[in-house]
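> sequence and predicted structure are below.
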Amino acid sequence: MSQTILAFGSESGNAERLANQFAERLQANDPHSAPHSTPLCPLPLNQVDCSKLGADDLLLVITSSFGDGEPPANAEAFLDQLPAACSFRYAVFGLGDVSYPNFCGYSKDLDAALSQKGAHPIAARVDADIYFDGFFDQWFDAISRYLAGDPAQAAALDLQVAAYGDSAPYEAKILRHDRISDSVLNVELDIAGSGIQYAPGDLVYLYPQNDPFLMMALATWFEADVSALAQKDLRALPKTLLKTVARATGDSDLAELLKFKNRAALQDYLYGLDILDLLETRDPGKLITLDDLQEVLPDIAPRAYSIASASPQKLRLCMREISYDHSGRKHLGLSTGYMAARAVGDSVPIAVRPNPEFAFDADRPALMIGTGVGVAPFISYLEQQSQQDESQTNILCFGEKLSHCDFLYGDFLTSCQAMGTLSTLITAYSRDHEQKFYVQDAMRANADALYGAIQSGAVIYVCGNKSHLGGAVNDALLDVFQQAGQNSPEEASAMLRALETAGRIRRDLF
Ligand SMILES: Cc1cc2nc3c(=O)[nH]c(=O)nc-3n(C[C@H](O)[C@H](O)[C@H](O)COP(=O)(O)O)c2cc1C
């Protein structure tokens with residue numbers, strides 16, 4: 001009699017949980033699945049003896065990859081005990097994470113070894129990323145139909161996330177590239193077919209390149225090809241570089257500035273400075289060489305932005321452009337300058353990463369507090385909510401400078417209000433009136449509404465500039481608790497602590 005074996009390789013429990021779910025769903029005769037007479041009892045891969053499996057048998061494997069694409073401990077022994085020749089049928093569901101260089105390394109090795117030894121795949125291997133639930137539902141559906149005698153769906157299965165990541169970013173085409181205020185750039189990227197999945201709060205990483213004008217100016221300075229600096233961050237000037245310059249040029253002022261006691265003055269000095277400014281002002285004798293720079297300048301690090309969309313086809317981000325004059329020359333922010341210089345139709349390398357600290361809780365009301373481009377994750381969340389039949393009670397407190405030109409995504413937010421996805425929109429424009437009015441002032445002015453939302457279980461999400469919002473929002477919350485809840489200062493502090501402990505205040509500050 002033929003047998004079906006369901007095995008898992010799991011380090012932190014995901015694959016084991018899915019294997020148990022698979023067995024339970026099959027047994028419960030899920031509406032999509034076929035009845036299955038003998039319950040499947042999932043077991044670790046190490047306990048599977050393939051020498052006992054014949055041509056009629058089926059091995060179903062759900063396994064993650066660990067280390068550098070290696071098997072989890074409870075699957076370690078499996079490949080070593082594989083017989084030289086196999087005749088059984090199999091299907092592999094691989095769990096992984098595209099941010100690891102060896103994405104789904106073990107499940108890929110396992111699939112290759114099984115087929116090389118003569119085992120027959122009934123479905124193409126699944127390479128699933130951290131958002132694996134959708135793939136799992138489809139895999140379960142196809143395999144359960146196969147078990148019920150209908151192999152077509154399994155044969156047609158094609159569930160493989162492309163292995164983009166830090167080592168191989170995904171090249172996304174720009175679909176839209178426009179300005180939504182004087183200084184805010186809105187960019188939409190095509191991710192259809194990429195396998196990229198994300199949730200509100202997640203981050204997109206950009207891999208910017210240096211400003212070509214700065215590179216040209218450096219080539220003129222060195223009278224040489226400076227392409228060796230292409231991957232170097234020309235704006236993040238490390239102390240080791242400044243020490244090298246001070247030593248080579250005998251610049252005692254710079255040496256003095258590098259002393260620990262002068263760290264605040266050093267920070268001021270470095271603000272807005274790039275490598276060319278430093279060379280022009282501190283090294284007129286051109287003692288610092290290209291090799292020196294190559295050695296001490298850090299590589300360009302990918303830059304993270306909050307995703308401002310919820311579509312599986314398109315990914316939106318917004319960024320405030322940085323552009324200023326320093327020493328008579330125009331300076332651009334590295335990634336905003338890079339993105340501003342691109343156009344519709346260009347491709348840009350990206351990677352998407354989860355941001356668990358700032359994940360949205362769809363089962364609770366949301367009290368969202370954001371300033372400027374800090375509105376981005378809230379746009380994503382509201383877009384997701386507007387795709388659902390019912391939405392939570394959601395409040396957004398949004399702060400910017402001027403109401404007539406800085407109401408970012410204003411049309412969308414107004415339509416969310418009309419649809420009911422956004423229950424309350426509170427805005428604070430700091431420069432509309434003589435008297436400055438910030439988002440924390442708007443929180444105090446709407447204390448009753450905010451207190452009511454928090455009392456009804458809302459999670460508080462704060463996104464925006466660290467120095468503006470870090471302490472100010474906490475102070476405003478304390479005032480809200482006292483003002484609207486009639487709490488003493490001590491009680492208000494205890495409430496804030498309790499919310500923090502319960503994970504009901506989530507911050508993404510930059
Ligand atoms: C320390 C560590 C190493 C990992 N190495 C890899 C890897 O090399 N390739 C990969 O695709 N995923 C890797 N992952 C991601 C896991 O495969 C992924 O989180 C999976 O869902 C875990 O499933 P499990 O809980 O069943 O073990 C790694 C995760 C951790 C925490």
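Cool, got the structure.

> residues near residue 38, how many?
10 (other CB atoms under 10 Å). Where C-beta positions appear, they are placed from N, C-alpha and C, glycine not excepted.

> brain fart, residue 295
Counted with other CB under 10 Å, residue 295 comes out at 11.

> where's it, which helix or strand?
helix 290-296 (DSSP states H and E).

> repeat that for residue 379.
helix 376-386.

> show me what that helix is packed up against.
Packed against helix 376-386 by the contact rule (3 or more CB pairs under 8 Å, 6 or more residues apart in numbering; DSSP states H and E) you find strand 303-306, strand 314-320, strand 366-371, strand 394-400, helix 410-419, strand 459-464.

> 10 Å instead, please
When contacts are defined as 3 or more CB pairs under 10 Å, 6 or more residues apart in numbering; DSSP states H and E, helix 376-386 packs onto strand 203-206, strand 303-306, strand 314-320, strand 366-371, strand 394-400, helix 410-419, strand 459-464, strand 505-509.

> now do that helix against strand 505-509, angle only.
When axes from the mean of the first three to the mean of the last three CA atoms, to 10 degrees is applied, the directions of helix 376-386 and strand 505-509 differ by 130 degrees.

> centre of the chain to helix 376-386, how far?
Taking CA atoms, centre = their mean, to the nearest Å, one finds helix 376-386 lying 15 Å from the centre of the chain it belongs to.

> got it, and stretch 463-483?
25 Å.

> where does the prediction get shaky in the stretch 51-200 of the chain?
For the stretch 51-200 of the chain, the stretches with pLDDT under 70 are 163-167.

> surely residue 284 is in contact with residue 249?
Yes. Look at residue 284 against residue 249 with CB atoms under 10 Å: they come within range, at 8.4 Å.

> can you name the residue of this protein nearest the ligand?
Per CB to the nearest ligand atom, residue 96 is where the chain lies closest to the ligand, at 2.3 Å.

> touching, that residue and residue 131? I think so.
No. In this structure residue 96 lies outside contact range of residue 131 using CB under 10 Å: 11.6 Å.

> common neighbours of those two, please.
residue 161 (CB atoms under 10 Å, 6 or more residues apart in numbering).

> on that earlier part again, format the helices and strands packed on helix 376-386 as TSV; extra columns: distance to residue 381.
What follows is the helices and strands packed on helix 376-386, written out as TSV (distance: least, CB to CB, whole Å):
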stretch	distance to residue 381
strand 203-206	14
strand 303-306	10
strand 314-320	13
strand 366-371	7
strand 394-400	8
helix 410-419	10
strand 459-464	8
strand 505-509	11
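
> could you dump those to JSON lines with mean pLDDT and distance to residue 160?
Converted to JSON lines, the helices and strands packed on helix 376-386 look like this (pLDDT from 0 to 100; distance: least, CB to CB, whole Å):
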{"stretch": "strand 203-206", "mean pLDDT": "95", "distance to residue 160": "21"}
{"stretch": "strand 303-306", "mean pLDDT": "95", "distance to residue 160": "26"}
{"stretch": "strand 314-320", "mean pLDDT": "98", "distance to residue 160": "20"}
{"stretch": "strand 366-371", "mean pLDDT": "98", "distance to residue 160": "34"}
{"stretch": "strand 394-400", "mean pLDDT": "97", "distance to residue 160": "36"}
{"stretch": "helix 410-419", "mean pLDDT": "97", "distance to residue 160": "33"}
{"stretch": "strand 459-464", "mean pLDDT": "98", "distance to residue 160": "33"}
{"stretch": "strand 505-509", "mean pLDDT": "96", "distance to residue 160": "31"}
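
> can you list contacts of stretch 435-449?
367, 369-372, 374, 395, 397-400, 423-424, 426-431, 450, 452-453, 462, 464, 468-469, 471-477, 479-485.

> can you rerun that using 6 Å?
371, 397, 399, 424, 426, 428, 430, 450, 472, 476, 479-480, 483-484 (CB atoms under 6 Å, 6 or more residues apart in numbering).

> before we move on, the earlier item: which of residue 284 and residue 249 has more residues huddled nearby?
residue 249 (17 against 9).

> quick one: contacts for the more buried one?
283, 287.

> what's the answer for residue 237, then?
Counted by CB under 6 Å, 6+ apart, residue 237 has contacts residue 270.

> please apply the same query to the one 3 residues further on.
Contacts were defined as CB under 6 Å, 6+ apart; by that measure residue 240 touches residue 296.

> just give the closest residue to residue 210, not the sequence neighbours.
residue 234 (5.8 Å; CB to CB, 6 or more residues apart in numbering).

> pLDDT wise, what is that neighbour at?
The model reports residue 234 with a pLDDT of 96.

> hmm, it is touching residue 273, no?
No. Counting by CB atoms under 6 Å, residue 234 stays clear of residue 273, with 10.3 Å between them.

> give me the more crowded residue out of those two.
Shown here are residue 234 and residue 273; by other CB under 10 Å, residue 234 has more neighbours (22 against 15).

> how much space separates the more buried one from residue 222?
Counting by CB to CB, to the nearest Å, the gap from residue 234 to residue 222 is 13 Å.

> the residue nearest to residue 210 belongs to a helix?
No. Note on residue 234: no helix contains this position according to DSSP: H, G, I helix; E, B strand; the rest coil, which reports coil.

> ok, it - contacts?
Per CB under 6 Å, 6+ apart, neighbours of residue 234: 210, 274, 275.

> give me that answer again for 8 Å
Contacts for residue 234 (CB atoms under 8 Å, 6 or more residues apart in numbering) come out as 210, 214, 218, 274, 275, 276, 297.

> are the helix or strand that contains residue 16 and the ligand in contact anywhere?
Here residue 16 sits within helix 14-27, counting by DSSP H and E. Yes. Residues of helix 14-27 are located near the ligand by CB under 6 Å from any ligand atom, namely 14, 15.

> and for stretch 188-197?
No. Applying CB under 6 Å from any ligand atom, one finds stretch 188-197 separated from the ligand by no less than 13.0 Å.

> endpoint to endpoint, that stretch covers what distance?
Taking CA to CA, to the nearest Å, stretch 188-197 runs 15 Å from one end to the other.

> what's next to that stretch, contact-wise?
For stretch 188-197, using CB under 8 Å, 6+ apart, the contacting residues are 129, 131, 134, 160-162, 164, 170, 172-177, 204, 309, 312-317, 348, 350, 352.

> if we use 6 Å, what do you get?
Contacts for stretch 188-197 (CB under 6 Å, 6+ apart): 131, 161-162, 170, 172-173, 175-176, 313-316, 352.

> ok, stretch 110-125 next?
79, 82, 85-92, 146, 154, 157.

> can you map out the strands along the stretch 51-200 of the chain?
Secondary structure of the stretch 51-200 of the chain (DSSP state E, counting those that start in this stretch): strands at 58-64, 89-95, 120-121, 126-128, 170-179, 184-190.

> what of the stretch 201-350 of the chain?
Going by DSSP E, counting those that start in this stretch, the stretch 201-350 of the chain shows strands at 203-206, 303-306, 314-320, 323-326, 329-332, 347-353.

> who in this structure is up against the ligand?
So far as CB under 6 Å from any ligand atom goes, the chain lies against the ligand at 10-15, 64-69, 72, 95-97, 100, 102-105.

> which among the residues you listed end up buried?
Neighbour-count burial (16 or more other CB atoms under 10 Å) applied to the residues of the chain next to the ligand gives 10-11, 14-15, 64-66, 69, 72, 95-97, 100, 102-105.
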